[in-house]
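S.K.: Let's see this in three dimensions:
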Amino acid sequence: MSQTDLKLKSLIPYGLMSLPLAFAGLPLYMHAPKFYADEFGVSLISLSIILLFLRGIDAIQDPILGIISDKYSKNRISLFTIAASLLGLGVFALFTPFLAISNIIWFGIMMFLATTGFSMLTILMGSLGSIWTKNYHDKTKISAFRESIILIGILIAASLPSILEIIYPEQKSLQLYSVITLAITAITLIIFINWYRSNSEIFKRETLQAKKSNSIKQLLAHKNYLSFFITYGFNAMAAAFPMVLFLFFIEGFLNSASWTGIFLSAYFLSGAISMPFWQYISKKQGKVVTWASSMLLAILSFVWVIGLDTGDNIQFLIICLISGLSLGADFSLPPSILSDLMDKTDTTDSAATGFSIQTFLAKFGITVASIIGLMALNIFGYDNDIKIQSEDTANAIKYIYALPGIILKILTLVSLTIWYKSYGDQNEKNQEYNYNNGGNNVL
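M.R.: Next up, the predicted model:
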């Protein structure tokens, strides 16, 4: 098979398995905390404490999920089924409490189940894509296709609650949304299992060729890995603050709740459309340089937010489009770079373990943003019971929303530059040469 013949008939069923991640992501990390605060009167401080506790569990759980996924890679269908079930049922139950227990306890339990499924499915998808091919550019093609599906799914997911709220009240609309998420999870799982079974012999060969899996400690002993994950961690936190605080910013500062669907649609549509562009640029300039370039766009968009006034909806719409471009690079390039590192360090047999670290860092970033962001809102007088905040509180929301992104993106750019000069430059050139002359696709 040709090195560049990565068939669409295989990319589609693989990529569709990412749709549950897209539909679950916004409810879990954006809607759920606000939903429990608005509908059940749970305090922001209580929600922050629960989220902190869950991320503490993640610090142990996510690496274990990665190790299990590597160890039992011969049973991928079962692993995918467990992950999808936990995710779909967890999201459904989160927005449809059906037992007479404390709301905060229910929130904690269902968030745990749903985020466990989310982590496991993310790890499995990333690791399967990593062993798919050794071709340098096709790795980006796989991750870009997968993440494009996620962004398209998020685009739909971002608009759907607003559409449902036209017909139903907020609580009912989010409950209906959770049912839709559960149905999509079941359908895409069936499609994926049928595809995987028809190609299982190819992935079995990869599994049989694998050496003994590396522990997390062994992976991080590679300076390439450690430096990359530090960079990725900064970037995850930079992206997390605006995501966690997005709804609070729209309602509490801009006073433009009716524009929420438009802003989210512009952001994720821009990200999805930009995927082929970043893929093209990465072929010309390399993945690391391309990722660094995208960070400048993100910094620009955060700086622009600082200059906004209440009601500047058109300006913020443009900001969403610009920051969406950066999102496309954030989604497609880091997984591809991590996959390259696995080939370079001969650790593809530990792909799930490596992606479990990346998954944990992404969730850890969201937790840090949730704790700091929600507590800061509470300190500066945010009141979810009133529609229009005081001028001082509104301005505080703006700075809490934008400043962390500026600082953390700059730290990410510095960290990436240091890593690139120390390890990335020659490695990237060697990888491109080696994979273009000896890489192969498996499907």
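
S.K.: hey, let's count contacts and neighbours off CA atoms from now on
M.R.: Will do.

S.K.: ok, and for the helix or strand that contains G126, which residues are buried?
M.R.: Counting by DSSP states H and E, the element that carries G126 is helix 103-130. By neighbour count on 16 or more other C-alpha atoms under 10 Å, the buried set for helix 103-130 is 103-104, 106-130.

S.K.: next structured bit after it?
M.R.: Per DSSP H and E, the first helix or strand lying C-terminal to helix 103-130 is helix 136-167.

S.K.: buried set for the next helix or strand after that following helix?
M.R.: Beyond helix 136-167 on the C-terminal side, the first helix or strand identified by DSSP H and E is helix 170-198. Using 16+ other C-alpha under 10 Å as the test for burial, helix 170-198 gives 170-179, 181-186, 188-189, 192-193, 195-196.

S.K.: How far off centre is helix 170-198?
M.R.: Averaged C-alpha coordinates place helix 170-198 at 18 Å from its chain's average position (C-alpha atoms, centre = their mean, to the nearest Å).

S.K.: From S127, how far out is K134?
M.R.: Note on K134: its distance to S127, by C-alpha to C-alpha, to the nearest Å, is 13 Å.

S.K.: Please apply the same query to I109.
M.R.: Separation of I109 from S127 (C-alpha to C-alpha): 27 Å.

S.K.: From D309, how far out is the most centrally placed residue in the chain?
M.R.: Residue closest to the average C-alpha location in the chain (C-alpha atoms, centre = their mean): A362, at 6.6 Å. A362 sits 31 Å away from D309, going by C-alpha to C-alpha.

S.K.: same check, this time on I109
M.R.: For I109 relative to D309 (C-alpha to C-alpha), the value is 39 Å.

S.K.: ok, now P334?
M.R.: P334 sits 34 Å away from D309, going by C-alpha to C-alpha.

S.K.: ok, the two, which is more surrounded?
M.R.: P334 (21 against 15; other C-alpha atoms under 10 Å).

S.K.: Okay, now stretch 160-174: how far is its last residue from its first?
M.R.: End-to-end distance for stretch 160-174, by C-alpha to C-alpha: 9 Å.

S.K.: That one - what's its average pLDDT?
M.R.: Average pLDDT, stretch 160-174: 80.

S.K.: Show residues contacting it.
M.R.: Stretch 160-174 is touched from outside by F35, E39, F95, Y177, T260, G261, with contacts defined as C-alpha atoms under 8 Å, 6 or more residues apart in numbering.

S.K.: Would you verify that the last one is located in a strand?
M.R.: No. For G261, which was evaluated using DSSP: H, G, I helix; E, B strand; the rest coil, the result is helix, with no strand membership.

S.K.: Could you report the neighbour count for G307?
M.R.: Under the neighbour criterion other C-alpha under 10 Å, G307 is assigned a count of 10.

S.K.: where does it fall, phi/psi-wise?
M.R.: Note on G307: backbone dihedrals following degrees, to the nearest 10 are phi -90, psi 0.
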